[in-house]
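Participant: Based on what follows, work out the 3D shape:
(chains A and B)
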Amino acid sequence: EAGVTQSPTHLIKTRGQQATLRCSPISGHTSVYWYQQALGLGLQFLLWYDEGEERNRGNFPPRFSGRQFPNYSSELNVNALELEDSALYLCASSRTVQETQYFGPGTRLLVL
Amino acid sequence: QQQVKQSPQSLIVQKGGISIINCAYENTAFDYFPWYQQFPGKGPALLIAIRPDVSEKKEGRFTISFNKSAKQFSLHIMDSQPGDSATYFCAAVNQGGKLIFGQGTELSVKP
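Facilitator: Residues are numbered from 1 along each chain as shown, chains lettered A, B, ... in the order given. Okay, here's the model as predicted:
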């Protein structure tokens, strides 16, 4: 069974640009979660999508947004990039919200 | 309170020793407590998990001890090996789907 996949693996942007990160969940998983892992700040919950709807979001500004497609894959968009957005962005999926979340390898975003 | 407090921040153990990492939480709505292991450049991988109706769970060399009344749980790694050197995160989940992570423990097992 294929795991959670994310693309791209690395992304370099300049301040003010927009970044789009993609995630494909494990087959059969309908919930997709996004986390930010910034140096020194640990793993912070960003967003949770289930059945195409945003179900919960963490303490991040509205310029962090996303969506979930009918095939349950997901996209995270970060607008008006700031230097402090540089981090590893991790996607996870689960069969239901009560079940274990499995993580992808992440997208490392660098904002210059 | 949505926090999970994890200690120690870093841990050095000799090969064959026991590694112990502790976590504490405040929100009694949490109902699932996983531990993740993360190697540099990789995403976190589920190691072992427990629900609050169980006081202990063992899988191979890894054991979770859970104290519901104290709202504390810990990970014990028996016979620690150099390959166990990684960052370990405890976490807690509530019905909102949000994984709340501890701050992480960087474990180094010396040969």
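
Participant: can the helix or strand bottoming out on mean pLDDT in chain B be found next to chain A?
Facilitator: Of all helical and strand segments in chain B, the minimum by mean pLDDT, DSSP states H and E falls on strand B:99-101, at a mean of 88. Yes: Strand B:99-101 lies within reach of chain A by C-beta under 8 Å from any C-beta of the partner chain, at B:99-101. (Glycine included, C-beta is placed from N, CA and C.)

Participant: which residues sit in contact with the residue of chain B found nearest chain A?
Facilitator: Chain A sits closest to B:Gly43 of chain B, with a gap of 3.7 Å, by C-beta to the nearest C-beta. Counting by C-beta atoms under 8 Å, 6 or more residues apart in numbering or on different chains, B:Gly43 makes contact with A:4, A:90, A:92, A:103-106.

Participant: filter the residues you listed down to the ones close to chain B.
Facilitator: A:4, A:90, A:92, A:103-106.

Participant: hmm, which two among these are most spread apart?
Facilitator: A:Ala92 and A:Pro105 (11.3 Å; C-beta to C-beta).

Participant: Who are the contact partners of B:Gly83?
Facilitator: B:Val109.

Participant: One more: B:Pro44?
Facilitator: B:Pro44 makes contact with A:43, A:90, A:103, B:36-38, B:89, according to C-beta under 8 Å, 6+ apart.

Participant: Show the buried residues in those.
Facilitator: Among these, those classed as buried by 16 or more other C-beta atoms under 10 Å in any protein chain shown are A:43, A:90, A:103, B:36-38, B:89.

Participant: Could you pick out which of the contacts of B:Pro44 are located in strands?
Facilitator: A:43, A:90, A:103, B:36-38, B:89 (DSSP state E).

Participant: Nearest to A:Ser27 among these?
Facilitator: A:Phe103 (15.9 Å).

Participant: doesn't B:Phe39 make contact with that closest one?
Facilitator: No: using C-beta atoms under 8 Å, A:Phe103 is not in contact with B:Phe39, being 11.9 Å away.

Participant: ok, back up a step: export the contacts of B:Pro44 to CSV and tack on distance to A:Arg55 and pLDDT?
Facilitator: Shown next, in CSV, are the contacts of B:Pro44 (distance: C-beta to C-beta, whole Å; pLDDT from 0 to 100):
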residue, distance to A:Arg55, pLDDT
A:Leu43, 19, 90
A:Leu90, 18, 97
A:Phe103, 18, 95
B:Tyr36, 21, 95
B:Gln37, 27, 96
B:Gln38, 25, 94
B:Phe89, 22, 96
